[in-house]
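Colleague: Coordinates for the following, if possible.
(one chain, ligands or ions: 2)
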Amino acid sequence: MDFMPIFCDLKEKLCLVVGGGQIASHKAELLSRAQARLTIVAPTFNHRLLELGKNANVSLVQEAFSEHWLTGCWLVIAATDDPVINQSIYHCATQRQIFCNVVDDPLQTSFITPALIDHSPIIIALSTGGNAPTLSGLLRQEIESHLSTASLDPLSTLATLAGSLRQRVKNYFPAVHIKHQFWLKFFTDKMLINAVEHHDTLAINVHIQRLLTESGAVSLNENRSN
Ligand SMILES: C[C@@]1(CC(=O)O)C2=NC(=C\c3[nH]c(c(CCC(=O)O)c3CC(=O)O)Cc3[nH]c(c(CC(=O)O)c3CCC(=O)O)/C=C3\N/C(=C\2)[C@@H](CCC(=O)O)[C@]3(C)CC(=O)O)/[C@H]1CCC(=O)O
Ligand SMILES: NC(=O)c1ccc[n+]([C@@H]2O[C@H](COP(=O)([O-])OP(=O)(O)OC[C@H]3O[C@@H](n4cnc5c(N)ncnc54)[C@H](O)[C@@H]3O)[C@@H](O)[C@H]2O)c1
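Modeller: Ligands and ions are numbered 1, 2, ... in the order given. Alright, predicted model coming up:
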């Protein structure tokens, strides 16, 4: 594996985008969706970046790159149309141990932005290790065509619900295998999924309690027979 896939929490963390064209705006919009604090440095900005710059968390700096803009950054994206500048940004960032994505050189880059299916909190990210970006896009479309919005919407809601229930379920079922059985039922229970699809909060809570009780009974029986 050449690149390890991870999902980073960049909320309120300072990130730098160098460049003001189409590719820079694409990457800056992604960082902005991840709620990063953004500095964007370039002599010229396209209209999408000028629009993004109205956001309180985004600062546009209209000048050519200089190294001091890296100070305090968690990561940087080198997205100018000049490969020499992009490489020098990569080297400055690497010296400072800052992760740097270089948009025109998959061999001299410290991270890659994957093709994305963003159904937050469910996110599917795809990469070819920088070998074939078009293939990443095609694979993304292929996977998207198998995952309808109708099936992803309730799963995303279930995932969010699961997040808010995790501590309660941990307290309820100390045994890992019972917890696991509970979650398998939680994500496949037709009645719960139906309630989620209908945004029926009352029914959602009733079915969660039912699943907790059912798994609790299994747990109790296991303890008795031990
Ligand atoms: C996946 C995606 C995500 C995104 O952009 O967010 C993405 N590129 C996408 C599309 C795309 N990019 C390019 C074309 C035109 C056809 C072509 O030239 O191939 C198309 C096709 C199109 O636009 O449909 C041109 C291109 N891209 C890179 C280079 C440099 C080089 O290879 O030397 C050049 C040549 C530039 C030039 O010639 O000047 C480099 C990178 N592009 C990456 C990501 C990273 C590796 C991802 C992986 O591991 O697969 C990496 C290494 C760096 C990075 O950007 O992180 C997105 C698909 C989104 C989707 O459809 O969902
Ligand atoms: N990663 C990808 O998916 C992908 C896809 C297509 C193209 N590319 C590469 O991305 C590069 C950028 O593409 P684009 O369409 O955004 O180009 P563009 O010409 O629209 O924009 C280039 C930007 O870089 C800025 N710039 C130039 N020198 C600078 C400097 N010293 N400091 C700061 N900013 C500087 C310019 O002001 C301009 O805003 C291309 O050269 C291409 O190699 C990557």
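
Colleague: who in the protein is up against ligand 1?
Modeller: 26, 101, 103-106, 112-115, 127-130, 132-134, 136-137, 140 (C-beta under 6 Å from any ligand atom). Just so you know, the C-beta spots here come from the backbone N, C-alpha and C atoms, and that holds for glycine as well.

Colleague: among the residues you listed, which ones are buried?
Modeller: Asn101, Val103, Pro106, Ile112, Thr113, Pro114, Ala115, Ser127, Thr128, Ser136, Arg140 (16 or more other C-beta atoms under 10 Å).

Colleague: Counting only strands, which of these make the cut?
Modeller: Within those, residues falling in strands by DSSP state E are Asn101, Ala115.

Colleague: Where does pLDDT dip in this protein?
Modeller: Counting by pLDDT under 70, the ranges of the chain that qualify are 217-226.

Colleague: quick one on the thing from earlier: now, which of the residues of the chain next to ligand 1 lie within helices?
Modeller: Judged by DSSP state H, the subset of the residues of the chain next to ligand 1 located in helices is His26, Pro133, Thr134, Ser136, Gly137, Arg140.

Colleague: any chance of those in a markdown table, with distance to Gly216 too?
Modeller: Below are these laid out as a markdown table (distance: C-beta to C-beta, whole Å):
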| residue | distance to Gly216 |
| --- | --- |
| His26 | 49 |
| Pro133 | 49 |
| Thr134 | 51 |
| Ser136 | 44 |
| Gly137 | 46 |
| Arg140 | 41 |
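
Colleague: Also within reach of ligand 2: list those from those residues.
Modeller: Okay, of these touching ligand 2 (C-beta under 6 Å from any ligand atom), that's Pro133.
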